[in-house]
Structures are given as structure tokens and as C-alpha cells.
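>>> mind looking at a prediction? Sequence and model below.
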There are 2 protein chains.
Amino acid sequence: MYGSANNSSSTGEYLLRCKMTRGMIYIYTGEGEGKTTNALGLALRAVGHGYRAIIIQFMKGRKYIGEYRVKDRLAPEYEIHQFGREEFIDFKNPMPLDYELAAKGLEFAKKALKRKPRLLILDEINLAAHFGIVKTEDILKLLEDIPEETTVVLTGRRAPGKLIERADLVTEMKFVKHPFEKNVPARKGIEY
Amino acid sequence: MYGSANNSSSTGEYLLRCKMTRGMIYIYTGEGEGKTTNALGLALRAVGHGYRAIIIQFMKGRKYIGEYRVKDRLAPEYEIHQFGREEFIDFKNPMPLDYELAAKGLEFAKKALKRKPRLLILDEINLAAHFGIVKTEDILKLLEDIPEETTVVLTGRRAPGKLIERADLVTEMKFVKHPFEKNVPARKGIEY
């Protein structure tokens, strides 16, 4: 998958240490498109193999999105739980409810990890952390106890440096070309 | 989805023209991770809304991958068709069969477009074009007739410039951090 082998004892040792202590942390960030979508693709793969994939969406509460509507067809391995309002958050002036819901999401994530899913997706948590809707320290604490068989995926723009530091793999989605930039309405079955 | 609105008449006109003539072309390229996975996430969303998503995999023939194994659970909207051998192609010395299978894939794609799916994913076609396994000109020809309701997604590293030019949206997946780089075996339910 990652091309040809390139062994070095230090990375080998690093890996061994990772494998013995905890599962992996993947971050998808950047201004480009495909962060949540990519995590959903991982979930699709996991479910294809009969593994459990738990998606926790922060700051999102719309049920008519594709990843939510597909859930019954991929049950019981595929789970999606939303901890946000239907409306978008005003980041300049968040509501107390925004913080409450996010805290509940984090609490749910903690319990979800105990079930040792193949994948635990914390969707939009990077942006939530950036704006202080969840505390980066609380996320770091959650990430201390990842079962060996679990990969935790954090999505969202503007991932705080402390999360980047902690992650095993960080991919930035970067727009190369986006001619209609900010004025295309999101299309059903593609962007949501 | 794309943040706040930023209207300009030229992009507005561009859009109008696009909408009246053909569906969109998305490219996911770059050395980073998440190109195929992202396309799979789009498929999941489309299927969630009850739309058809047709995935055509070039240079891939392994049936025990997650995106293949999930197909019955998402039928009939989700389709996946492979046009490759089980083994990896030796790009320095491709087999005649590699070219034949890729040509069949392209032929299949042409017919698939006629069914006006919400999504048509041409997985790894960028890399296939880069190495001449399929001709870029043949892909460009295929892309002339995209039904308005269809988005065509091209994935794979090293997308040729002519495809980038033609695409409406191009996202580059870029590694920010990948400490174990090239020596982690792909893990079931995550990388495949």
C-alpha cells in the first residue's frame, strides 16, 4: 500500500512499541475536501470485513445526511451517533448547548473505546478543539487508552498542534483546484 | 460545507455552464493517504440517499478487500467491478493482460455512464494513466459525456496534467506525518 519497504531499526522499534501499547491515531485535516468522507470510507471497509466502526459526529445533528441514512443497512457493525444541533455553530458565539453536546460526545467516545471497535471516528473534533468547544486536553486524555485493535480517526480542519504531535498518521487535504470555490451548494449524495 | 459564500459573476457563470452541460469531475491525487477511501466515503453517502454508485477499480483484482466484501449489503445501489489481476503490476514491465483489463474497465465505464449513476468512481485510474496502462486521451474522451446528475471521481497518485486541467475539483492528499512510513503492513479493515 505504501510502496516498497524501507526498514530502519528506529521506525521498526517505534512500531513494535506502538503495537504493544495502544492502537493507532489517524488525523485528517486541512482546508481541502475529503476529511469526513475519507473516514467514512474507512468505516465502509471495516464493515466489509465484519468489524465494528463507530462514528461520533461532533457539532453535527442533521439526520438526512448520507452517512446517517445508510446506518440501518450496515447495522450492527456500523454505528453513527451525533452530538450537535441541526444548525451550524456560530463559532464567535457558541451556545452553552454546543459545549454540553460536545462533552457528551466525548463521554460517549470513552465508553465506545471500551467496546474495542476496529474504528472509532471522531468526526469534526479537530475543529471543535480549535474553537474550544471541546478541550484538547480532554481529547488527549481519551487517546491515552486506545485498545490495540482500534484505530481512532480524528477529522476536521485546523487540528491543534498537540493532536498532530500525538497522532501516528496525519494527512492534510489540500485544494489544488476548486474553480467554483465557495459558492456551490452542497449536493445530496456527494457532499452530504 | 465550503464555508461562507464568496460570489463572483465569473465563477457563477462557470457553474451555470457546468450545470447545463455535464456532471462534475473530482480528482483525488497526491502521495498521501485517503484517495480511494475518500471515494468510498462518497459512495457510502450516495447509497445512504438511495442513489447509485458504481466503482470501477483499475489494476486491482483482490476480492477480499473491505470495499468489495461489503457489496452485497449495499446492493443494488452500490456496485464494484474490478479490472486488474490479483498481483500488483510491475510498472517497469507491464503484462499485455494489464493493458487488456484496463481497456475493458474503460469500456465498462463508458456503459456505466449511460446508466446515469450519482457517482462513477474510476479507482486508481490516475496512476494507470501516468504509466500508460490506459491512455489519458481515452479517459478525456470518456469524460466528454458525463450526464448532468453524475459526478465522476478519479483517484490515484500522479494524476496527469491533462486530467487535472479537465477536472472541476482537485484535492491533493499530502502526508504531514507518517512516522512509520513505508514499513507498516496494510491492515485489514483500515487500509483495505
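Okay, I see it.

>>> dig out what residue A:177 forms beta bridges with.
residue B:170 (DSSP bridges).

>>> tell me how far it lies from residue A:171.
19 Å (C-beta to C-beta, to the nearest Å). C-beta: built from backbone N, CA, C; applies to glycine.

>>> how about the helices in chain A?
Taking DSSP state H as the test, the helices found in chain A are A:9-21, A:35-48, A:66-69, A:71-74, A:96-114, A:125-130, A:136-142, A:161-166.

>>> pick out the shakiest of the ones you listed, pLDDT-wise.
The weakest mean pLDDT among these belongs to helix A:9-21, with a mean of 51.

>>> now do stretch A:125-140: everything it contacts.
Stretch A:125-140 has contacts (C-beta atoms under 8 Å, 6 or more residues apart in numbering or on different chains) with A:27, A:29, A:58-59, A:89, A:91, A:94, A:98-99, A:102-103, A:105-106, A:122, A:154-160, A:162-163, A:166.

>>> that should have said stretch A:156-171, apologies.
A:18, A:24-31, A:35, A:38, A:58, A:123-130, A:136, A:139-140, A:143, A:154, B:32-34, B:173-180.

>>> any of these buried? List them.
For the contacts of stretch A:156-171, a neighbour count by 16 or more other C-beta atoms under 10 Å in any protein chain shown gives the buried set as A:18, A:24-30, A:35, A:38, A:58, A:123-130, A:136, A:139, A:143, A:154, B:32-34, B:173-174, B:176, B:178, B:180.

>>> hang on, the earlier thing: of the helices of chain A, which is nearest residue A:188?
Smallest distance to residue A:188 across those (C-beta to C-beta): 7.6 Å, for helix A:66-69.

>>> check what contacts that closest one and list those residues.
Contacting residues not belonging to helix A:66-69 are listed as A:36, A:40, A:55, A:62-63, A:80, A:82, A:188-189, A:192, B:41, B:44-49 [C-beta under 8 Å, 6+ apart].

>>> any idea how far that helix is from the middle of the chain?
On the basis of C-alpha atoms, centre = their mean, to the nearest Å, helix A:66-69 sits 16 Å off its chain's mean C-alpha point.

>>> identify each buried residue in that helix, please.
For helix A:66-69, the neighbour count (16+ other C-beta under 10 Å) marks A:66-69 as buried.

>>> one more: stretch A:57-74?
A:57-60, A:65-71, A:73-74.

>>> from start to finish, how long is it in a straight line?
This stretch, stretch A:57-74, spans 17 Å end to end (C-alpha to C-alpha, to the nearest Å).

>>> what's the offset of that stretch from the middle of its chain?
Its chain's C-alpha centre and that of stretch A:57-74 lie 14 Å apart, by C-alpha atoms, centre = their mean.

>>> likewise for stretch A:147-160?
In terms of C-alpha atoms, centre = their mean, the centre of stretch A:147-160 is set 5 Å apart from its chain centre.

>>> cool, stretch A:149-168 as well?
Here stretch A:149-168 shows a centroid-to-chain-centroid distance of 8 Å under the convention C-alpha atoms, centre = their mean.

>>> from the contacts of stretch A:125-140, which would you call buried?
Buried residues within the contacts of stretch A:125-140, counting neighbours by 16+ other C-beta under 10 Å: A:27, A:29, A:58-59, A:89, A:94, A:98, A:102, A:105-106, A:122, A:154-157, A:159-160, A:163, A:166.

>>> about what we covered before: out of the buried residues of helix A:66-69, who's nearest chain B?
Closest to chain B out of the buried residues of helix A:66-69 is residue A:66 (2.9 Å), distances taken as C-beta to the nearest C-beta.

>>> grab the nearest non-local neighbour of that closest one.
With C-beta to C-beta, 6 or more residues apart in numbering or on different chains as the criterion, residue A:66 has its nearest non-adjacent residue at 2.9 Å, and that residue is residue B:45.

>>> wait, doesn't that neighbour sit right on residue A:65?
Yes. Using C-beta atoms under 8 Å, residue B:45 is in contact with residue A:65, at 7.2 Å.

>>> what touches both of those two?
residue A:192.

>>> residue A:50 - how many residues pack around it?
Applying the criterion other C-beta atoms under 10 Å in any protein chain shown, we find 12 residues in the vicinity of residue A:50.

>>> any idea of the pLDDT on the closest residue to it other than its chain neighbours?
What sits nearest to residue A:50 in space, not counting adjacent residues and going by C-beta to C-beta, 6+ apart, is residue A:77, at 6.5 Å. On the pLDDT scale, residue A:77 is placed at 98.

>>> swap in residue A:22?
With respect to pLDDT, residue A:22 scores 85.

>>> that older thread, of the buried residues of helix A:66-69, closest to residue B:111?
Lowest distance from residue B:111 to the buried residues of helix A:66-69 (C-beta to C-beta) belongs to residue A:66, with 25.2 Å.

>>> tell me how far the closest one lies from residue B:143.
Counting by C-beta to C-beta, the gap from residue A:66 to residue B:143 is 24 Å.

>>> next: residue A:69.
According to C-beta to C-beta, residue A:69 stands 29 Å off from residue B:143.

>>> and residue B:147, which of the helices of chain A is closest to it?
Of all the helices of chain A, helix A:66-69 sits nearest to residue B:147, with 19.7 Å by C-beta to C-beta.

>>> what number of residues lie near residue A:141?
12.

>>> cool, and the one 4 residues further on?
Burial of residue A:145, expressed as a neighbour count using other C-beta under 10 Å, amounts to 12.

>>> wait, what's in contact with it?
For residue A:145, the contacting residues are A:22, A:113, by C-beta under 8 Å, 6+ apart.

>>> again with residue A:23
Contact analysis of residue A:23 by C-beta under 8 Å, 6+ apart lists A:146-152.
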